[in-house]
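A.B. asks: any chance you can model this:
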Amino acid sequence: MSHLIYSDTVCALGEGPLWHPWEEALYWFDILGSRLYRRDTHGERHWQFDRHVSAAGWVESGKLLIASERDLFLFDTDSGSEEHVVDLEADNAVTRSNDGRADPWGGFWIGTMGKAAEPEAGAIYRFFKGELRRLYADITISNAICFAPGGAYAYFCDTDTHRIQRVALDGDGWPAADPVTFVDLAPEGLKPDGAVVDTQGNLWNAQYGAGRVACYNPEGKFMTAAGLAAGQITCPAFGGTGFTTLFATSAADGAAPNDPFAGQTFSVPMGFVGQREHQVKL
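C.D. replies: Next up, the predicted model:
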């Protein structure tokens, strides 16, 4: 699979790529730079915030639900205005938001972590119908939040454990059982980062430090991998025409000297079709 540089903007910690299906544009974040980026066929722009921002779900054209280190807020990309929605660990200066994604019911899952990856300082939450509920505690580095087609399962991981978890969901999108291990990457020494699921139920996982996004079938078996020109790949997203382009963010912070493309954002034409990102319903 050949890849292209989608954006040569260098992010200290690129994360949270989101293809907006109505706008036909890619959004992504530089968490450490407290910035949101947007790129489409007309060019690229960005917005600066006063706190860490990391993940978003689309609400409508020009409006995103964004997770920051202290809250979820509605952001208007035309005016640049913010509307507070709910606090997110606002009283905890140690943590910030990290990985997140909208679910098939219009809810939004978001993980937190310590700003210095303090052990078990984070958690994973779901925001749904005005309520923010904690689902899982004692998470060190929350990642890989994504959903099977039809919403039968949610996936997530604590990167520190090297295991991607899968949990069955009920009819309202809440966990209906205990999580089970979907893929254990510990024997290979791989670090699972962000993930997304395609229309066939295959999970695509960015593996931090390995320079790739790896694909696992619905039974958790390795299928293929897209190699990328940066070592610290952080999160994938499907988008573009027919949702057949795999985008991936990366991180420059802590990159090796021989990693000249670290922090840039990549695109890979695929023979797989991604799901359309779900719309957040506020």
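A.B. asks: what's the distance between Thr224 and Ala123?
C.D. replies: 33 Å (C-beta to C-beta, to the nearest Å). Just so you know, the C-beta spots here come from the backbone N, C-alpha and C atoms, and that holds for glycine as well.
A.B. asks: scratch that, Thr161 is what I was asking about
C.D. replies: Thr161 sits 15 Å away from Ala123, taking C-beta to C-beta as the criterion.
A.B. asks: quick one: which of the two has more around it?
C.D. replies: Ala123 (20 against 17; other C-beta atoms under 10 Å).
A.B. asks: from what I can see the more buried one touches Thr112, true?
C.D. replies: Yes: using C-beta atoms under 8 Å, Ala123 is in contact with Thr112, at 5.5 Å.
A.B. asks: okay, and the common contacts of those two?
C.D. replies: The contact sets of Ala123 and Thr112 overlap at Glu89, Ile139, Ser142 (C-beta atoms under 8 Å, 6 or more residues apart in numbering).
A.B. asks: can you report how many residues lie near the second one?
C.D. replies: Using other C-beta under 10 Å, the number of residues around Ile139 comes to 26.
A.B. asks: what's near enough to touch it?
C.D. replies: Gly111, Thr112, Met113, Glu120, Gly122, Ala123, Ile124, Asp158.
A.B. asks: do the last one as well
C.D. replies: With contacts defined as C-beta under 8 Å, 6+ apart, the neighbours of Ser142 are Asn98, Asp99, Gly111, Thr112, Met113, Gly122, Ala123, Ile124, Phe156, Cys157, Asp158.
A.B. asks: any idea which of those residues is closest to Thr241?
C.D. replies: Among the contacts of Ser142, Asp99 lies closest to Thr241 (C-beta to C-beta), at 26.1 Å.
A.B. asks: excluding chain neighbours, what is closest to that closest one?
C.D. replies: Computed as C-beta to C-beta, 6 or more residues apart in numbering, the closest residue to Asp99 that is not its neighbour in sequence is Asn143, at 4.6 Å.
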